[in-house]
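*Asks:* Provide a 3D model corresponding to the input given below.
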Amino acid sequence: GCFAILKGFWGARSAERLKSPHARQGRWLNPSPNRANAPRARQKAERSVVGGVAEDVVAAAVVVVLLQEVRMSEKRRVYQLLYRSKSVGDVNQELGSILASSRKNNPSRGISGLLIYREGYYLQLLEGPEALVAERFAVIMRDPRHEGVEILARISDAEAIFGDWAMGFLDESAKPSNVKVDVLNKLHDFALRNAKPVDNRTILSILSTFKADCRDLSQETPA
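*Replies:* Residues are numbered from 1 along each chain as shown. Just a heads-up that it's a prediction; the model follows:
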């Protein structure tokens, strides 16, 4: 991991420094036998040490940045749960509250996803660590703001689709740029139709296509 790479990096830098003339001659710790030249030798050694440390700091920072970029480029493996339910009560107020709570709490839990609302029905995908997704879904099941909760798909060890969205939002008034009409219609159909659970490959394909073409909906709110 990162620590092993950095450990190897620092070990290599230390070995390189020990090969320097100042290190071999012991000038970092021992003054020159020639007293007249001792101050100059010490200054030269100090400059060498400071310069070496500065180089190490800059190089280490570059290594850390590169490691972060590699991590971000890798898709998270997650558990995904897709469900549908019917809304109860004041929908606009409910949606605002649901989104605000999700966007505040999901990042610390490693949960991401998408919430779709259409004609009184919710369709939501949750993705993240399985235990935390299950814990969150148990809370959702008891929420009085909706009823008739139906699980459409459960997918283990999948690639995160909405990893950079704490909770995206889409309703019938939204017009996501570049998303094909048939893809939107399929998503809305999942929310509205009283159909059998969705085939995992089908829903993953549709959601992946939607996310790839869609603008950022992570801050979208009800109209």
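*Asks:* Contacts only, for the residue nearest to R76 when sequence neighbours are not counted.
*Replies:* Among residues not flanking R76 along the chain, A160 sits closest, at 4.1 Å (C-beta to C-beta, 6 or more residues apart in numbering). No exception for glycine: its C-beta is placed from N, CA and C like everyone else's. Shown in contact with A160 (C-beta atoms under 8 Å, 6 or more residues apart in numbering): K75, R76, R77, V78, S112, E127, G128.
*Asks:* Longest strand in this protein, by number of residues?
*Replies:* strand 146-159 (DSSP state E).
*Asks:* Mind listing what's buried along it?
*Replies:* By neighbour count with 16 or more other C-beta atoms under 10 Å, strand 146-159 contains the buried residues H146, V149, L152, A153, R154, I155, A158.
*Asks:* So what touches the helix or strand just after that strand?
*Replies:* Using DSSP states H and E, the next helix or strand after strand 146-159 towards the C-terminus is strand 168-171. The contact list for strand 168-171 (C-beta under 8 Å, 6+ apart) reads 95, 99, 113-118, 162, 176, 187, 216-218, 220-223.
*Asks:* hmm, who's touching the very next helix or strand once past strand 168-171?
*Replies:* Following strand 168-171 in sequence order, the next helix or strand is helix 181-192 (DSSP H and E). Where contact means C-beta under 8 Å, 6+ apart, the residues beyond helix 181-192 that reach it are 82, 84, 116-119, 121-123, 152, 170, 172, 176, 195, 198, 203, 206-207, 209-210, 213.
*Asks:* Out of these, which end up buried?
*Replies:* By 16+ other C-beta under 10 Å, the contacts of helix 181-192 give 82, 84, 116-118, 121-123, 152, 170, 176, 198, 203, 206-207, 209-210 as buried.
*Asks:* This structure: strands as residue ranges?
*Replies:* Using DSSP E, strands in the chain cover 77-87, 112-118, 121-128, 146-159, 168-171.
*Asks:* any idea of the mean pLDDT in the last one?
*Replies:* What it means is strand 168-171. The pLDDT scores in strand 168-171 average 89.
*Asks:* Show me what it pairs with in its sheet, parallel or antiparallel.
*Replies:* Neighbouring strands of strand 168-171 in its sheet, by DSSP bridges, are strand 112-118 (parallel).
*Asks:* What of the third one?
*Replies:* When pairs are called by DSSP bridges, strand 121-128 turns out to pair with strand 77-87 (antiparallel), strand 112-118 (antiparallel).
*Asks:* Where does pLDDT dip in this structure?
*Replies:* For the chain, residues meeting the criterion pLDDT under 70 lie at 1-39, 41-75, 174-178, 190-198.
*Asks:* if we go to 50?
*Replies:* 3, 5-6, 9, 18, 22-32, 63-74 (pLDDT under 50).
*Asks:* The strands paired with strand 121-128 into CSV, with extra columns for distance to R142?
*Replies:* Formatted as CSV, the strands paired with strand 121-128 follow (distance: least, C-beta to C-beta, whole Å):
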stretch, distance to R142
strand 77-87, 12
strand 112-118, 18
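*Asks:* Quick check: chain neighbours aside, which residue is closest to G148?
*Replies:* Nearest one to G148, counting by C-beta to C-beta, 6+ apart, is K86 at 4.7 Å.
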